[in-house]
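Enquirer: Sequence and predicted model, in that order:
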Amino acid sequence: MSDTPVIRIQALSKVYRLGITEVRALRGIDLEVERGEFVAVMGASGSGKSTLMNILGCLDVPTAGTYDLDGERVNGLDRNARADIRNRKIGFVFQGFNLLGRTTAVENVELPLLYDRSGPKLQTRRLAIEALGRVGLSDRAHHQPSELSGGQQQRVAIARALVTRPALLLADEPTGNLDTRTSVEVMALFQELNDQGITIVLVTHERDIARYTRRIVELRDGHVMRDVAVAERANAAEDLRLLRLDGEEAS
Amino acid sequence: MRAVVLVKVALQSILKNTMRSLLTMLGIIIGVGAVIVMVAVGLGAQQRIQQQIENLGTNMIVLTAGATTQGGVSQGAQSFNRLTVANVDALRRESTLLTAISPVIVTGGHVQGGVGNWRTMVNGVAVDYATIRDWGTSSGSFFDATDVRVARKVVVIGATVAANLYPEQDPVGQEIQIRSVPFRIIGVLAAKGQTASGSDQDDVVLAPYTTVQTRLAGRQFIPQILASTASPSDIRGAMEEITSIMREQHRLAAWEDNDFTVRNQADLAEAAQSTTEVMTLLLAAIASISLLVGGIGIMNIMLVSVTERTREIGIRLAIGARGSDVMIQFLVESTVMSLVGGAIGTAAGFAGASVLGHFTGWNTAVSVPTVVLALAFSASVGIFFGFYPARRASTLDPIEALRYE
Ligand SMILES: Nc1ncnc2c1ncn2[C@@H]1O[C@H](COP(=O)(O)OP(=O)(O)OP(=O)(O)O)[C@@H](O)[C@H]1O
Ligand SMILES: [Mg+2]
C-alpha cells in the first residue's frame, strides 16, 4: 500500500462552458505524486493551476480523465462522498487563510474534526491543541483571527489542514498574502512537515518559494510543460536564520 | 454525537452574532407575545362569562309564558295562557326531578328608607329562589315559608340597594317603603356583581311573591317560574317533565304547540360562549399574522445571513462538511432563534396580559395549551422559514463560495 502514489491522474481535462464559449482550463494532464513528495505547481496566470488544485482537492470534478487519490478512485464520486474525502484525506491551505471570524484559533483548527464521519471523535479539543503545537502556536490557541498576524493566521490554517492527519496537503498560493520574511517562515514550516513525511502540493508564482520544494511542475495552457526535480533545495530554516541576522545587523 | 456537534456549531454561531440574532428574534417575540396577549384577553372574557352564568345559579331552568320564536325569545305573554300559582303548585307536586321552584313576579318602583330614595326592581319570589340562584345573605336571613304563606311585608335587599340607602348602618330590622307600602328588611343579599350583559344583579329587592301579588302588583299571573335540579344531569329530564306537566295544566291537545317556553342556563351559556369563542379566534388570527410576519423576518435575515456568510459556508464545505451538515446548521439556527424568541415572547405575553388586565380591568387568562401551541408554532415557523435559506446555503458550490468577497 505504501508504494501506491498519493496522486495519480491520467489524461485529466477540465472544460468550463460559459454559454456558447468553452474554456479548456486543463487539456490532458498526467501526473503522479508519491508519498512524501513536496511539489510546487507553477505557471503563468490562467495556466490552470487553481483548476488543477481544485480537482486534486475534490472541490471540483474533471470533465474527463481519471484521478486516484491515495489508491482510491475519486472522479465520479458524488457531492457527499467528495465532502467525506476532503474531510479525511485532504488538508487545504488557501491564499486568503480562510479562517472563521470571531472564532478562536483552536476552534478553527477543531472544525474539520466536527465534520468527521468515521466515528465519534471525543478528543477534538486535545487534537486541535496538538496541531497548533505543531505549527508553534500553542500560546495563541484562544486568540481570534483578528488578533493574529497574517503569518500566524496562515499557521492556524495549516494546523487546521493537519489536524485530521490527511494523506495530502494542498496549498494554493499560501504565501501570496505574506511578506518575504513571513513567507519563508511558512515555507520552513512546510519543509518541517514534509520532513516528517507529509505529502505537499503547493501553487506558487515565485521561483524563490518553489526553491524550497523538491519538485516543480510547470503548467502552460492546461498542459504540463515541465516537470523537474529541484536541483539545489533551499533550506527555509537556514534562510530564516540569515534573515534574522541581517535584521539584527541593520538595527 | 453528530447532532450534538451540529447543534453546538449552530449555537456558537448564534451567540457570536448577538445583535443579528436578537433582531431576528424580535419579530417572533412580538408575534408570540401578541398571540399570548390576545388569546389571554379572549379566554379571560370567556371565563368571566362562564363565572357570571354560574352566578345566575347552577342547574337553573327558566319557564316563561308564550311560545318560543326562532330567536329563542318568548313573544308577548298577553295572548297566551298565563303562568299561575296553581302551575307552580302542580310542578312542585308532580315533578320528581325538580328540587327547588319559585315564581318570579317582576315589578319596579321607588323604595324609600334609610338616607333617601332609590329606584330599583322589586321581585316577588318564593323561598326556593335563594337555592335556585345559589344566593345567600351577607346579613340577616332570607324570608321563610311562613312569611310567604301569610304574605308578610318583609324584604331582602340587594347589596347595591343596601349601599345606597343604608351606607352607614346595617339595614336589617329597618323599615323600607315600597311604593308607600311599609316593609321590614330582614336580610341583605350577598353581592353577585354584574350579569354578562352588564346589568347590576345586586340592584334588587326580593319580597315574598304572595305579598307582591297582594300589595304591589295587583295581579295574579306570574311572568316567569324558576326551578332547579339537584345535578346538571337531571336538567334534560326535568325540562321534559315541566313540558308535559305544563301541557297538561294548559290542557293543550296533541297537535297544539307549547304556549310556554322552557330554557336552561346551558342554552343561554352556549350562545354567550360561542360569541366569545369567535372573538378569541378572531383575536388569535389577527395576532397570528404578526407571528407570520415575524417568520418572514426570520427568513429574510437568514437569507441575508446566507449571503453574508457565503465564505464561511465555503470554508465549512471545503474542510469536509456535507451539504446536509450546513443545512442542519442553518435550520437549527433559525429554529433555535425562533424558539428562544417564542420563549421570550411568551414571557412578554404573560407580562403584557397582566399589565393589560391591570389597567383595563379586563379578565385575562393565559392557558398552558396556548403557551405550548405558541412555542410549537414558533418552532415550526423557524423550520418553515429557515428551510429555504438553509437549502440555499447547503447547495452552494464550495469553490464559488470561497471566492466570494
Ligand atoms: N469557474 C470558471 N468558469 C469559467 N472559466 C474558468 C473558471 N475558473 C477558471 N476558469 C478559466 O480557466 C483557466 C484557468 O484558470 P485557473 O484559475 O486555473 O488559473 P490559474 O493558473 O490559477 O491562474 P492564477 O495564477 O491567476 O491564479 C482561465 O482561463 C480561467 O479564466
Ligand atoms: Mg489561481
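Expert: Yep, it's here. Ligands and ions are numbered 1, 2, ... in the order given.

Enquirer: Skip the chain neighbours and tell me the closest residue to residue B:327.
Expert: Nearest residue to residue B:327 in three dimensions, chain neighbours excluded: residue B:394, at 3.7 Å (CB to CB, 6 or more residues apart in numbering or on different chains). Every C-beta, even on glycine, is put in place using the N, C-alpha and C of the backbone.

Enquirer: repeat for residue B:316
Expert: Spatial nearest neighbour of residue B:316, chain neighbours left out: residue B:326 (5.9 Å); criterion: CB to CB, 6+ apart.

Enquirer: wait, isn't residue A:106 in contact with residue A:128?
Expert: Yes. In this structure, residue A:106 is within contact of residue A:128 by CB atoms under 8 Å, at 4.9 Å.

Enquirer: what sits in contact with each of these two?
Expert: Shared contacts of residue A:106 and residue A:128 (CB atoms under 8 Å, 6 or more residues apart in numbering or on different chains): residue A:141.

Enquirer: Can you tell me how far the closest residue to residue B:94 other than its chain neighbours is from residue B:129?
Expert: Nearest residue to residue B:94, sequence neighbours excluded (CB to CB, 6+ apart): residue B:245, at 5.1 Å. Here residue B:245 is placed at a distance of 20 Å from residue B:129 (CB to CB, to the nearest Å).

Enquirer: Of the two, which one has the most company?
Expert: residue B:129 (25 against 18; other CB atoms under 10 Å in any protein chain shown).

Enquirer: how about the strand or helix carrying residue A:29, does it reach ligand 1?
Expert: Take DSSP states H and E as the rule and residue A:29 turns out to sit in strand A:21-33. Yes. For strand A:21-33, a contact with ligand 1 is found by CB under 6 Å from any ligand atom, at A:23, A:25.

Enquirer: tell me the angle of the next helix or strand after that strand relative to strand A:21-33?
Expert: Next helix or strand after strand A:21-33 toward the C-terminus (DSSP H and E): strand A:38-43. For strand A:38-43 against strand A:21-33, the angle by axes from the mean of the first three to the mean of the last three CA atoms, to 10 degrees is 160 degrees.

Enquirer: ok, residues contacting strand A:38-43?
Expert: Applying CB under 8 Å, 6+ apart, the external contacts of strand A:38-43 come out as A:33, A:49, A:52-53, A:190-191, A:194, A:199-205, A:207, A:209-210, A:212-220, A:225, A:230.

Enquirer: repeat that for 7 Å
Expert: A:33, A:49, A:52, A:194, A:200-204, A:210, A:213-220 (CB atoms under 7 Å, 6 or more residues apart in numbering or on different chains).

Enquirer: who does it pair up with?
Expert: Applying DSSP bridges to the sheet, strand A:38-43 is found paired with strand A:199-203 (parallel), strand A:215-220 (parallel).

Enquirer: For chain A, list the residues in contact with ligand 1, please.
Expert: Taking CB under 6 Å from any ligand atom as the criterion, chain A approaches ligand 1 at residues A:16, A:18, A:23, A:25, A:43, A:45, A:46, A:47, A:48, A:49, A:50, A:51.

Enquirer: Am I right that the first one is in contact with residue A:24?
Expert: The reference is to residue A:16. No. Between residue A:16 and residue A:24 there is no contact under CB atoms under 7 Å: 8.0 Å.

Enquirer: residue in chain A nearest to chain B?
Expert: Using CB to the nearest CB, the closest approach of chain A to chain B is made by residue A:87 at 2.3 Å.

Enquirer: For that residue, which non-adjacent residue is spatially closest?
Expert: Leaving aside its sequence neighbours, residue A:87 sits nearest to residue B:320 (CB to CB, 6+ apart; 2.3 Å).

Enquirer: what helices or strands is the strand holding residue A:29 leaning on?
Expert: Secondary-structure packing of strand A:21-33 (3 or more CB pairs under 7 Å, 6 or more residues apart in numbering or on different chains; DSSP states H and E): strand A:7-18, helix A:49-56, strand A:223-229.

Enquirer: Of these, which stretch is the most buried?
Expert: Highest mean neighbour count of the helices and strands packed on strand A:21-33: helix A:49-56, a mean of 23 (counted as mean count of other CB atoms under 10 Å in any protein chain shown).

Enquirer: Just the pLDDT for the residue in the stretch 51-200 of chain B positioned nearest to ligand 1.
Expert: For the stretch 51-200 of chain B, the residue closest to ligand 1 is residue B:51, as judged by CB to the nearest ligand atom, at 71.9 Å. Looking at residue B:51, its pLDDT reads 74.

Enquirer: any chance you could map the strands in chain B?
Expert: Assigned by DSSP state E, the strands in chain B fall at B:60-65, B:98-113, B:116-125, B:137-140, B:154-157, B:175-178, B:181-189, B:204-208, B:224-229, B:260-264.

Enquirer: Show me what counts as buried in the third one.
Expert: Neighbour-count burial for strand B:116-125, counted by 16 or more other CB atoms under 10 Å in any protein chain shown, picks out B:118, B:120, B:121, B:122, B:123, B:124, B:125.

Enquirer: do the same with the second one
Expert: Within strand B:98-113, the residues that qualify as buried by neighbour count (16+ other CB under 10 Å) are B:98-105, B:107, B:109, B:111-113.

Enquirer: Quick one: residues contacting residue B:100.
Expert: Residues near residue B:100 by CB under 7 Å, 6+ apart: B:128, B:131, B:132, B:227, B:228.
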